[in-house]
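Chemist: got a sequence here, can you model it:
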Amino acid sequence: MATPQQLQELVAAVQNLQVEVQTLKTDNAALQQIVAAREQQSMDLPPLPLMSGKFDGSERKVKEFLEACNIQFTFRQNAFSTDHAKVGFMITHLTGNALAWATPLVSQSDPVLQDYVAFKDLLKQNFLRAECAHIASEDLLDVRQGNSDLLTYISTFKKLATEAGWQ
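Modeler: Residues are numbered from 1 along each chain as shown. Below you'll find the predicted structure:
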């Protein structure tokens with residue numbers, strides 16, 4: 001059996017442990033507030049401007065624009081935590097023909113504005129197709145029979161005309 005002296009020492013040790021536990025709880029709460037504040041600060045950081053500048057719908061800049069946006073979304077995940085934020089960022093970096101293309105989507109609150117992949121695919125569909133048609137049109141103007149046989153020439157001409165949207 002424990003002596004009164006030993007019991008007093010145990011009570012004192014338990015009281016000290018209670019004080020230390022309370023101190024740890026207070027410190028933990030303070031650290032959680034600091035972490036939450038830092039997370040909020042990183043979420044509040046504005047996106048960086050695109051190195052490529054604004055996208056004007058230029059047929060040859062579609063891939064560059066999409067890659068620049070993807071870099072933003074990858075390294076600034078807190079700023080782009082939703083598809084709507086990603087699409088909004090992309091739209092704010094459009095100008096010229098590309099902005100004219102996107103404006104009706106915004107005016108009509110098109111559901112594609114809530115879906116980054118669908119918006120990106122629609123942008124590609126509208127502007128990459130134009131690139132292919134433009135290149136095919138240029139190639140079509142340059143096609144010559146040269147040393148090839150007539151059937152090869154006709155086949156090449158038809159293929160390029162279809163790609164350019166001339167048929």
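Chemist: mind listing what the spatially most central residue of the chain touches?
Modeler: Of all residues in the chain, the one closest to the mean position by C-alpha atoms, centre = their mean is F73, 3.6 Å from it. By C-beta atoms under 8 Å, 6 or more residues apart in numbering, the residues touching F73 are F80, K86. Where you see a C-beta, it was placed from the backbone N, CA and C, and this is true even at glycine.
Chemist: what helix or strand is it located in?
Modeler: In this structure, F73 sits in helix 62-75 according to DSSP states H and E.
Chemist: what bits of this structure have low per-residue confidence?
Modeler: 38-49, 129-146, 150, 153, 157, 160-167 (pLDDT under 70).
Chemist: and the longest helix seen in it, how far out from the chain middle?
Modeler: For the chain, the helix that runs over the most residues, judged by DSSP state H, is helix 4-44. How far helix 4-44 lies from its chain's middle: 41 Å, per C-alpha atoms, centre = their mean, to the nearest Å.
Chemist: what does stretch 59-75 give?
Modeler: On C-alpha atoms, centre = their mean, the centre of stretch 59-75 falls 8 Å from the chain's centre.
Chemist: can you give me the buried ones in the helix holding F73?
Modeler: Within helix 62-75, the residues that count as buried by 16 or more other C-beta atoms under 10 Å are V62, F65, L66, A68, C69, Q72, F73.
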